[in-house]
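build me a model:
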Amino acid sequence: MKLHSICAPWLMVLVVSVLGLGNTWAASPQPPNIVLVLVDDMGFSDLGCYGSEIETPNIDALATNGLRFTQFYNSGRCCPTRASLMTGLHPHQVGIGHMTAPPNQPYEGPPAYQGHLNETCTTIPEVLRGDGYHTFMTGKWHLGHADKGDWPMQRGFDRFYGGISGAFNYFKPGGDRGMTDGNQDVTTEDDFYATDAFTEIASDYIKEATSKDDKPFFLYLAYNSPHWPLNAKVKDFEKYRGKYRGGWDAVMAARQQKQRELGLFESDVEAAPHVGPDWASLTDKQRDDLDAIMAAYAGCIDNIDQNIGKLVTHLKSIGQYDNTLILFLSDNGACQEGGKLGFGSEDMVRNPPLETTNGVRLGLAWANACNTPFRLYKHFLHEGGANTPFIAHWPAGIPQSRHNTFVRQPAYLPDVMATCVELAAATMPDDVPPCEGVSFASVLTGGEEIASQPIHAQPMFFEHEGNAMMRAGDWKLVREYKKPWELYNLSEDRTELNDLSTAQSQRRDRMIAAWEDWATKTEVMFPERFNMYQHLKEQKKKKK
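Below is the predicted model of the structure:
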């Protein structure tokens, strides 16, 4: 396998420092540890540092002492996002153009939709492990279940503990949705709680490895929280019970006001209208259940924050904090699955079904509010579905003068692979497709002059379930499946309220042609979308 090298990033940073752009990392030639934290189905405004009333002091501290991205894009849904994040490619390029295939169901169809990672791509841990990194993962995999060749240990990780499937019970996972240690299915103890377990085991991996040698580590910490079922601990649930009785309009108004105060958005940014029913039109029972549902969701996020605090404390205790880059993001916007009003009650939180994913679900109305100020939610590529909170924290790498500032340039998932490879001074195999992303290492380590430069000179493209998007500079082309293309200038219309597709028809048509050219090259199925679940049902019928 022929390799090409990437220039050692500390040499680049040394040059930056000589030019007076202010960076502290040049004093240390040691490549950083990298911790990539991915949460599941969390909305854009669900962190305190992005406008929420939910208490997230530990994550907020990462933002205060680091950087917040305001236009970082995911792929709109769980496993396509994970596929792109791990490989630096579009989901269709690696075989997960729609979703992962269920266990024990053979697949015959387009390779771009095979439902597991293909053999033509490489992953971040595969590349970094080849260049001297320890590689660990805890949490949700969701990149292929049926064949162990697709599992984490076979795709670059030295150690793995978590769930292979797309969803599982926080308290008592079981069956095909159980826990796996390495390549072996394992049972859990009575006091098991997934978010806690993933943090504790990850901390053990780090401590064990760093006590043996001075090699850096890459940790992929992929929490399943706050994905359904919303299995909040009772004490975390009770902390928020009763705080949402004012309804979603009150939550959205308070969050948008806080976002303005934080500097996330200007005062003239108008929030997208809410799509749920009027709160006053609901019955007392409905409002009480909806308060409980949102309290469960908030409790899950609060618990994530508690665990980020535990991880940071651990890194400090073993002397690994300063030269560890922590990247934090969500796989998509808040999740509307569960009907307009969601599903569940206080009793379901206090007495959750075990060994099943039946349980509390957030629902459309709360999901819309959790993505304040944006339109739509998970599955879609409008800002509420595809724009994620993204935080970068690195004491030895990000200049102190840049702490608590915003990165307002658009970026997306494939950039993470490119950035990790550059910061690790790693080598990429030349017999795999080249990374689609652009490294934002200089955005992290440089001064204001570098940080203010665009990350992407070329457009970014997206597709999921027929929902489609192209981002080129300030312009965004986007559509819902089978609906007309829309066009927005996000520098003037951040929340996609003023469709310019008619007024700017020539620009619209050029962008549509560019998207279709990309989609054709990437083997995207269009104009009719491809749905893996429907395909498998039809395939099964034909064989009977």
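
could I get the full set of helices for the stretch 351-500 of the chain?
Using DSSP state H, counting those that start in this stretch, the helices of the stretch 351-500 of the chain run over 364-370, 383-386, 414-423, 441-445, 448-451.

which residues touch the second one?
Counting by C-beta atoms under 8 Å, 6 or more residues apart in numbering, helix 383-386 makes contact with 43-44, 73-76, 272, 332-334, 368, 371, 374-380, 462, 467, 469, 494-496, all of which sit outside it. The way it works is simple: take the backbone N, C-alpha and C, and place the C-beta from them, glycine included.

next, the distance between the ends of stretch 372-386.
Start and end residues of stretch 372-386 are separated by 13 Å (C-alpha to C-alpha, to the nearest Å).

correction: stretch 227-246
Terminal residues of stretch 227-246 lie 24 Å apart, using C-alpha to C-alpha.

pull out the buried positions in that stretch.
227-233, 236-237, 239-241, 244 (16 or more other C-beta atoms under 10 Å).

now render the residues you listed as JSON lines, adding pLDDT.
As requested, these are exported to JSON lines (pLDDT from 0 to 100):
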{"residue": "227", "pLDDT": "98"}
{"residue": "228", "pLDDT": "98"}
{"residue": "229", "pLDDT": "98"}
{"residue": "230", "pLDDT": "98"}
{"residue": "231", "pLDDT": "98"}
{"residue": "232", "pLDDT": "98"}
{"residue": "233", "pLDDT": "98"}
{"residue": "236", "pLDDT": "98"}
{"residue": "237", "pLDDT": "98"}
{"residue": "239", "pLDDT": "98"}
{"residue": "240", "pLDDT": "98"}
{"residue": "241", "pLDDT": "98"}
{"residue": "244", "pLDDT": "98"}
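
so which of those belong to helices?
Among the buried residues of stretch 227-246, the members found in helices (DSSP state H) are 236-237, 239-240.

redo those residues as TSV? Include distance to residue 486.
Shown next, in TSV, are those (distance: C-beta to C-beta, whole Å):
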residue	distance to residue 486
236	39
237	39
239	40
240	35
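
and which of these is nearest residue 159?
Lowest distance from residue 159 to these (C-beta to C-beta) belongs to residue 236, with 28.0 Å.

tell me how many other residues crowd the residue lying closest to the closest one once chain neighbours are set aside.
Excluding the flanking residues, the one nearest residue 236 by C-beta to C-beta, 6 or more residues apart in numbering is residue 299, at 3.3 Å. Using other C-beta atoms under 10 Å, the number of residues around residue 299 comes to 26.

who's in contact with residue 299?
Listed by C-beta under 8 Å, 6+ apart, the contact partners of residue 299 are 232-233, 236-240.

same thing but at 10 Å, please
Neighbouring residues of residue 299 by C-beta atoms under 10 Å, 6 or more residues apart in numbering: 54, 225-226, 230-241, 349.

greatest separation within those: which pair is it?
The largest separation in the contacts of residue 299, counting by C-beta to C-beta, is between 225 and 241 at 18.1 Å.

and the closest residue to residue 356 other than its chain neighbours, how far from residue 354?
Closest residue in space to residue 356, ignoring its immediate chain neighbours: residue 169 at 6.2 Å, by C-beta to C-beta, 6+ apart. From residue 169 over to residue 354 the distance is 6 Å, taken as C-beta to C-beta, to the nearest Å.

the two: which is more packed in?
The neighbour comparison of residue 169 against residue 354 (other C-beta under 10 Å) goes to residue 169, with 25 against 14.

that one contacts residue 352, doesn't it?
Yes. At 7.5 Å, residue 169 counts as touching residue 352 under the criterion of C-beta atoms under 10 Å.

so what sits against both of these two?
Here residue 169 and residue 352 share the contacting residues 229, 231, 358-359, scored by C-beta under 10 Å, 6+ apart.

let's verify residue 136: helix, strand, or coil?
With DSSP: H, G, I helix; E, B strand; the rest coil as the basis, the three-state label of residue 136 is strand.

neighbours around the nearest residue to it once chain neighbours are set aside, how many?
Using C-beta to C-beta, 6+ apart and skipping residues adjacent in sequence, the residue nearest residue 136 is residue 205, 4.3 Å away. The number of residues packed near residue 205 is 22, by other C-beta under 10 Å.

which of the helices or strands spans residue 205?
helix 194-210 (DSSP states H and E).

any idea of the mean pLDDT in that helix?
What helix 194-210 shows for mean pLDDT is 98.

against residue 114, how distant is residue 154?
16 Å.

who has more neighbours, those two?
Neighbours were counted for residue 154 and for residue 114 using other C-beta under 10 Å; residue 114 has more, 20 against 15.

so that one sits against residue 93, correct?
No. The criterion here is C-beta under 10 Å, and residue 114 misses it with residue 93 at 11.7 Å.

how about the helices in the stretch 101-250 of the chain?
For the stretch 101-250 of the chain, the helices defined by DSSP H, counting those that start in this stretch cover 124-129, 194-210, 234-240, 248-262.

which parts of the stretch 201-350 of the chain are strands?
Under the criterion DSSP state E, counting those that start in this stretch, strands of the stretch 201-350 of the chain are mapped to 217-222, 324-330.

low-confidence ranges, the protein, go.
Applying pLDDT under 70 to the chain flags residues 1-29.

contact partners for residue 182?
Applying C-beta under 10 Å, 6+ apart, the residues near residue 182 are 151-153, 157-161.

revised request: answer the last question for residue 325.
Going by C-beta under 10 Å, 6+ apart, residue 325 touches 25, 31-36, 66, 216, 218, 392-398, 419-420, 423, 441, 444-445.

nearest to residue 257, of the strands of the stretch 201-350 of the chain?
Evaluated over these, closeness to residue 257 peaks at strand 324-330, with 22.2 Å, by C-beta to C-beta.
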